[in-house]
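In: When you get a sec, could you give me coordinates for this:
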Amino acid sequence: MKYTIGLDYGSDSCRAVIIDAETGKEIASSVKYYKRWAAGKYCDPHKNQYRQHPLDYIESLEESVKEALSKSPKGTAENVVGISFDTTGSTPALIDKDGEVLSLRPEFAENPNAMFVLWKDHTAVKEAAKINEVAKRWPIDYTAYEGGIYSSEWVWAKMAHVLKIDETIRDAAYCWIEHCDWMSALITNTTKPSDIIRSRCAAGHKAMWLKEWDGLPTDDFLTEVEPLLKGYRDRLFKETYTSDVKVGNLTQEWADRLGLTTNVAVGVGAFDCHMGAVGAEIGPKTFVRVIGTSTCDIMIVPYESMHGKLIPGICGQVDGSVVSGMIGLEAGQSGFGDIYAWFKSVLAWPIENLIKESSLIDQATKDKLIAEALDKMIPALSIEAAKIPVSESGVLAIDWMNGRRTPDANQLVKGTITGLNLASDAPIIFKALVEATAFGSKAIVDRFIENGIEIESVIGIGGISLKSPLVMQTLADVLDMPIKVAKSEQACAFGAAMFAAVAAGVHPTIKEAQTAMGQGFASEYKPNLENHKVYMALYDKYQKLGKFTETELFS
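Out: Numbering: from 1, shown residues only. Next up is the predicted model:
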């Protein structure tokens with residue numbers, strides 16, 4: 001027997017799965033939450049600052065792998081042959097000349113600017129605007145293959161921002177690393193900047209890397225964006241690698257720490273949505289939606305279908321970012337499940353605060369009542385919202401509470417809810433928010449189709465796709481497309497395990513790994529034509545309201 005481990009680093013937790021590399025059967029899994037993140041450390045939502053400490057990543061790696069192994073049959077650990085990582089992105093951190101993340105040094109241990117800057121951190125809006133301004137007047141538009149608009153969610157804007165605002169870290173900072181690259185480098189002892197194997201996925205979609213212009217943007221360009229970036233290009237990389245490539249093997253130290261052997265091959269990392277799409281058995285003309293706190297949409301397109309095409313307003317088109325020999329396309333929404341969570345927190349305020357203040361019950365009872373109410377809130381809202389008929393005359397929302405990723409990135413826009421009256425109760429507003437996230441999804445689909453990209457099937461992965469019939473049926477109705485839901489609850493980690501199987505030599509290609517290891521689909525949602533007709537009228541209003549708020553209120 002041969003097994004592989006896929007590790008999926010999400011926004012709040014690390015998920016490890018142990019997979020039979022021949023059949024795709026899941027042997028065991030484990031989820032571990034980041035302790036510092038759970039405590040709210042290093043984040044300031046009012047400033048859109050979201051930072052994560054590398055110790056959270058290290059600790060959750062050890063804990064999740066060990067727990068998954070403890071649930072596995074005897075002898076599993078000795079037969080693990082590969083391990084691969086996927087992470088959120090762009091989630092970069094500054095490193096020193098030895099490749100140490102700055103916050104692992106004692107003097108920077110509590111400095112958020114020395115930590116990983118999470119994908120959803122939007123503190124670099126001004127820096128992103130500067131990149132876009134310079135790119136449009138430069139002889140080469142380095143944003144051309146990234147949708148033509150650089151986002152504050154991406155690496156160069158973030159690194160320019162933290163260097164500019166914090167002089168205490170400048171002398172120690174040598175270059176930067178993406179989270180997905182750091183994990184593979186860490187456990188293979190390839191952390192020196194000159195040794196680090198860089199992900200094609202991360203570099204192509206977020207760092208403006210392109211082989212045709214010799215890698216990253218020139219030093220002159222980066223210095224024009226922010227003088228403090230001078231020299232960074234030369235200290236980074238020219239080559240990038242697809243995720244079917246092996247970085248190295250587990251070091252003895254990490255083999256001991258994880259309970260594995262040094263025979264374990266470590267693959268090149270990638271972003272969660274890209275590996276998740278592979279885990280969901282993506283193929284040409286398939287639109288894969290990774291649905292979680294935000295969404296990430298992935299397609300793969302043959303070279304001949306992309307010849308001469310530059311799709312505006314998406315998150316990039318990169319050769320080999322998903323599957324070798326194909327162009328990977330990425331889009332997505334900055335807020336999806338986060339929007340539902342925001343509404344839940346609004347409704348939960350009196351529950352949490354008034355029960356907390358009560359002197360009639362003990363603390364344990366208070367905690368139990370609060371936890372039960374919060375757990376039941378979204379399911380209860382979903383049940384009631386599903387009973388409400390689809391109608392043109394009702395509450396309408398715009399899904400930009402966390403800015404807009406695509407189409408046409410803009411982190412300055414804000415969410416909107418309109419059409420309220422005294423009968424607008426919580427289920428009605430929740431239904432409008434669900435519809436808004438579906439409308440945002442349609443805007444992305446339309447952008448692909450308008451640019452000649454064919455879509456024949458839609459696949460949903462992630463917790464929401466498996467747990468929320470209301471969201472998935474609304475999405476099918478709005479898109480007027482059937483949506484299959486991938487069976488695996490951990491599709492991203494499962495995709496990472498597939499890549500690990502190729503990196504370890506169990507399967508020669510990802511296509512063959514998908515064929516051997518694929519788990520199929522749990523359900524399918526088919527569109528309701530009558531609902532779709534009503535939703536198209538609502539979608540027209542959504543577009544008009546979005547345009548008005550963007551140009552008149554938030555410009």
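In: In three-state terms, label E435 for me.
Out: The local conformation at E435, judged by DSSP: H, G, I helix; E, B strand; the rest coil, is helix.
In: For it, give its distance to Y303.
Out: If you measure E435 against Y303 using Cβ to Cβ, to the nearest Å, the figure is 37 Å. The C-beta positions use only the backbone N, C-alpha and C, and glycine is treated the same way.
In: what's the nearest residue to the residue nearest the centre of the chain if we skip its chain neighbours?
Out: Computing the C-alpha centroid of the chain and ranking residues by Cα atoms, centre = their mean puts T88 first, at 4.2 Å. Of all residues beyond its chain neighbours, the one nearest T88 is W119 (4.5 Å), with distances taken as Cβ to Cβ, 6 or more residues apart in numbering.
In: Does the one you found fall in a helix, a strand, or a coil region?
Out: Applying three-state DSSP: W119 is coil.
In: what do you get for L422?
Out: Under three-state DSSP, L422 comes out as coil.
In: and it, how many neighbours?
Out: Residues within reach of L422, counting by other Cβ atoms under 10 Å, total 5.
In: And the one 5 residues further on, by the same measure?
Out: By the criterion of other Cβ under 10 Å, P427 has 17 neighbours.
In: Ok, the one 10 residues further on next?
Out: In terms of burial, T437 registers 24 neighbours under the definition other Cβ under 10 Å.
In: what sits against Q52?
Out: 34, 36-37, 42, 91, 115-116, 118 (Cβ atoms under 8 Å, 6 or more residues apart in numbering).
In: List just the nearest of those to A397.
Out: Comparing these against A397 with Cβ to Cβ places L118 closest, at 25.0 Å.
In: what's the closest non-adjacent residue to the closest one?
Out: For L118, ignoring the flanking residues on the chain, the nearest one in space by Cβ to Cβ, 6+ apart is Y50 at 4.1 Å.
In: Could you measure from the one you found over to Y57?
Out: 14 Å.
In: ok, now which ones touch the residue nearest to the centre of the chain?
Out: By Cβ under 8 Å, 6+ apart, the contact list for T88 reads 9-11, 118-119, 179, 271-272.
In: now swap in I398 and tell me
Out: Neighbour list for I398: 415-417, 436, 542, 545-546, 549 [criterion: Cβ under 8 Å, 6+ apart].
In: related to what we said a few turns ago, okay if I get the contacts of T88 as a markdown table plus distance to A173?
Out: A markdown table is the format used below for the contacts of T88 (distance: Cβ to Cβ, whole Å):
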| residue | distance to A173 |
| --- | --- |
| Y9 | 23 |
| G10 | 27 |
| S11 | 25 |
| L118 | 18 |
| W119 | 20 |
| H179 | 17 |
| F271 | 23 |
| D272 | 26 |
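In: With pLDDT and secondary structure added, can I get those residues in JSON lines?
Out: Shown next, in JSON lines, are those (pLDDT from 0 to 100; DSSP: H, G, I helix; E, B strand; the rest coil):
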{"residue": "Y9", "pLDDT": "97", "secondary structure": "strand"}
{"residue": "G10", "pLDDT": "92", "secondary structure": "coil"}
{"residue": "S11", "pLDDT": "91", "secondary structure": "coil"}
{"residue": "L118", "pLDDT": "97", "secondary structure": "coil"}
{"residue": "W119", "pLDDT": "93", "secondary structure": "coil"}
{"residue": "H179", "pLDDT": "98", "secondary structure": "helix"}
{"residue": "F271", "pLDDT": "97", "secondary structure": "strand"}
{"residue": "D272", "pLDDT": "93", "secondary structure": "helix"}
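In: Residue ranges in this structure under the pLDDT threshold?
Out: Residue ranges of the chain with pLDDT under 70: 360, 554-555.
In: Strands along the stretch 401-550 of the chain, start to end?
Out: With DSSP state E, counting those that start in this stretch, the ranges of strands along the stretch 401-550 of the chain come out as 416-418, 457-461, 483-486, 521-525.
In: nearest to V290, of those strands?
Out: Closest of those to V290 is strand 457-461, at 5.4 Å (criterion: Cβ to Cβ).
In: Could you pull out the helices in the stretch 1-150 of the chain for me?
Out: 35-38, 54-70, 125-137 (DSSP state H, counting those that start in this stretch).
In: what about the shortest one, distance to the chain center?
Out: What it means is helix 35-38. In this view, helix 35-38 has its centroid 18 Å away from the chain centroid, taken as Cα atoms, centre = their mean, to the nearest Å.
In: Repeat that for the longest one.
Out: On the basis of Cα atoms, centre = their mean, helix 54-70 sits 20 Å off its chain's mean C-alpha point.
In: What helices and strands are in contact with that helix?
Out: On a contact count with 3 or more Cβ pairs under 8 Å, 6 or more residues apart in numbering; DSSP states H and E, helix 54-70 meets strand 3-9, strand 13-20, strand 26-33, helix 35-38, helix 179-188, helix 252-258.
In: any idea of the angle that helix forms with helix 179-188?
Out: Here the directions of helix 54-70 and helix 179-188 differ by 70 degrees (axes from the mean of the first three to the mean of the last three Cα atoms, to 10 degrees).
In: quick one: contacts of helix 54-70?
Out: With Cβ under 8 Å, 6+ apart, helix 54-70 has contacts from 5, 7, 9, 13-18, 27-37, 76-77, 93, 101, 103-104, 115-116, 179, 182-183, 186-187, 257-260.
In: ChimeraX command to pick out the buried ones of those residues?
Out: Those of the contacts of helix 54-70 that count as buried under 16 or more other Cβ atoms under 10 Å are selected in ChimeraX with:
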select :5,7,9,13,14,15,16,17,18,27,28,29,30,31,32,34,36,37,76,77,93,101,103,104,115,116,179,182,183,186,187,257,258,260
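In: Next up, the contacts around T91.
Out: Contacts of T91 (Cβ under 8 Å, 6+ apart): 52, 116-119, 178-180.
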